[in-house]
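S.K.: the following block contains a protein sequence and its predicted model.
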Amino acid sequence: MICRVALHEQTPGSVASEEARGFREWIKGQPGFVGGYHAQDFETGRMISVIVWESKESMMALGDQTPPGGPVGITTDRLEFFDVVEEF
């Protein structure tokens, strides 16, 4: 498994918005999706996205696909990938 961790310094709104919920529903339906989390500091707007995929290939298969409703308008400031060692 591979874990994609993205830090977003500024977001256009709350990760609890309808647009964000729609994105999460879409991403959960993608082949190879294992699990994910969005966390946000509501005072600063900073947000982190953690998504676990079955493999790098399943993550990369997403390519440049756009979720229904279009892009959510979030700029990724830092992106890292980690091999999942253990689930607990």
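M.R.: Good, I have the coordinates. Residues are numbered from 1 along each chain as shown.
S.K.: strands along this protein, start to end?
M.R.: Using DSSP state E, the strands found in the chain span residues 2-8, 33-40, 47-53, 78-83.
S.K.: in the chain, which helix or strand is least confident?
M.R.: helix 18-28 (a mean of 89; mean pLDDT, DSSP states H and E).
S.K.: centre of the chain to that helix, how far?
M.R.: Taking the mean of its C-alpha atoms, helix 18-28 sits 10 Å from the chain's own mean (CA atoms, centre = their mean, to the nearest Å).
S.K.: export it as CSV, just CAs?
M.R.: Extracted as CSV, the C-alpha positions of helix 18-28 are listed here (Å, rounded to 0.1, in the frame of the first residue of the first chain):
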residue,chain,number,x,y,z
GLU,A,18,-20.7,20.1,0.1
GLU,A,19,-17.9,20.3,-2.5
ALA,A,20,-15.4,18.6,-0.2
ARG,A,21,-18.0,15.9,0.7
GLY,A,22,-18.6,15.3,-3.0
PHE,A,23,-14.9,14.9,-3.7
ARG,A,24,-14.6,12.4,-0.9
GLU,A,25,-17.5,10.3,-2.2
TRP,A,26,-16.0,10.4,-5.7
ILE,A,27,-12.5,9.4,-4.5
LYS,A,28,-13.9,6.6,-2.3
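S.K.: elements contacting that helix?
M.R.: Identification of packing neighbours for helix 18-28 by 3 or more CB pairs under 8 Å, 6 or more residues apart in numbering; DSSP states H and E yields strand 33-40. Yep, even glycine has a C-beta here, placed from its N, CA and C like the rest.
S.K.: quick one, the strand it packs on and strand 47-53 angle?
M.R.: Interaxial angle of strand 33-40 relative to strand 47-53 (axes from the mean of the first three to the mean of the last three CA atoms, to 10 degrees): 170 degrees.
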